[in-house]
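[1] Kindly generate the corresponding structure for this input.
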Amino acid sequence: MNKLFIFQDNIDKDYRKELEYAYKLCKNSSHKVEIGNLTVDYLVDNSIEVVISNGLPKDWLFILKGLNIVTVTLDKIEKYLDLVDIVIDFKSQDSNKYFTGEIYSVCKNKDFVFDEIVNLITKLDWDTNFWGFPVAYLSSKYLTDNILLRIEKVIKRDNIKLIEYLCNCHDSKSVKFAEKNGFHFTDIRLSFEKPLNEKYDFKLPNNITFDRAKNSDIQELREFSKDLYKDSRYFFDDNFEREKVSEFYQTWIERAVLGQFDDACYCLYDNGTPFGFCTIKYNVLNTANIGLFGLSKKYQGKGLAKTLLYLIFNMLSEKNVHTVFVVTQGRNYAAQKLYQGVGFSTKTTELWYHKWL
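    Numbers count the residues shown, from 1 in each chain. A predicted model of the protein is given here:
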């Protein structure tokens, strides 16, 4: 996307700092101008597609909308939500909105992929190679007429066949835009969080051990995990082959063991044979995400899933991780019950949409 950063005086210094840092991240592919030098001719002559600012006067916002230019504002969400296409507000604690909270600070969180948001749509290279056709993710989160218009160029350029879109269930406008424009609902995504502020004491059953997965465990992990993910959105989208969906999650686990996708995989072992696993990805702000979690069917229903999670909590606490996150599907009631049973609380509810082209 051809981007323009607009700077102006008399702006909250914290939001101004966010904009300045964002420009440093994107300056190789962006223009920069002070608002006093901004003209319609400048926008047209430079083929600007996305404008990023700390919130512009309303007359300029209306002009940009008329030119079908996507507006991104790093400022107070309650002030600009209904005026621009995308708002990023690291000071807001409104978890029902996109891009709110400290994890969306460009300055503080090095894991925050700001450039993906302002590029609006991101081609997923690994998914593309795995599935055998071009796949993209709608990284803008918000969905508007201007965003749909601007991503069309990328879709045609990269010959995208599938667009994946994760929409906040509270964002009724984007839900309506999605359903009106050919996106079909595939899944509910539930995100949970848990603070790690206690140590769990318990004794493992005889012959059961806990350790980080080794390369020699990969074949066994792949074998018993192949039928564990029949609640996934891919399984319920008939455009995907069932065997290929199983291979997708088997490959995820293998890459986690190798530290190539998630950072690590930890296992429960029975006499040295893995039967349960949990993949982990570490974040900058002393938090971590659980990626894939599963137990071999013959070990289910014995309380060992909780045992594995408690061991994971203790291990993460020793690494100074203070909060852990995990997601599951809306149709996976067993996983929801498990996570709630060990102290996770619901953080967000989102809707997965697919659009096939």
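[2] Distance check, residue 333 against residue 205.
    Distance of residue 333 to residue 205, given as CB to CB, to the nearest Å: 26 Å. Quick note: C-beta positions are derived from backbone N, CA and C, even for glycine.
[3] same deal with residue 75?
    55 Å.
[4] The two: which has the busier surroundings?
    A count of neighbours by other CB atoms under 10 Å puts residue 75 above the other of residue 75 and residue 205, at 23 against 11.
[5] show me the contacts for the more buried one.
    11-12, 15, 54-55, 87, 89 (CB atoms under 8 Å, 6 or more residues apart in numbering).
[6] Nearest residue to it in space, please, no chain neighbours.
    In space, and not counting its chain neighbours, residue 75 is closest to residue 55: 4.0 Å by CB to CB, 6 or more residues apart in numbering.
[7] which SS class is that neighbour?
    Recorded secondary structure, residue 55: coil (DSSP: H, G, I helix; E, B strand; the rest coil).
[8] For the one helix or strand residue 150 maps to, buried residues please.
    Assigned by DSSP states H and E, residue 150 belongs to helix 145-157. Within helix 145-157, the residues scored as buried using 16 or more other CB atoms under 10 Å are 146-148, 150-151, 154-155.
[9] just stretch 29-44 next, same as before
    30-31, 33, 38, 43.
[10] Likewise for stretch 88-102?
    Under the neighbour-count criterion of 16+ other CB under 10 Å, stretch 88-102 has 88-92, 97-100 buried.
[11] Quick check: next helix or strand after the helix holding residue 150?
    strand 162-168.
[12] Which residues outside the helix or strand just after that following strand are in contact with it?
    As assigned by DSSP H and E, the chain's next helix or strand after strand 162-168 is helix 172-180. Outside helix 172-180, the residues that touch it by CB under 8 Å, 6+ apart are 141-145, 148, 165, 167-169, 185, 351, 353, 355.
[13] so how far is the first residue of stretch 150-169 from its last?
    Chord length of stretch 150-169, first to last residue, is 24 Å (CA to CA, to the nearest Å).
[14] From the chain's centroid, how far away is it?
    16 Å (CA atoms, centre = their mean, to the nearest Å).
[15] Tell me which of the contacts of residue 75 fall in strands.
    residue 87 (DSSP state E).
[16] Give me the buried subset of the contacts of residue 75.
    Buried, going by 16+ other CB under 10 Å: 11, 15, 54-55, 87, 89, out of those.
[17] before we move on, back to that, tell me which strands and helices the helix holding residue 150 is in contact with?
    strand 70-74 (3 or more CB pairs under 8 Å, 6 or more residues apart in numbering; DSSP states H and E).
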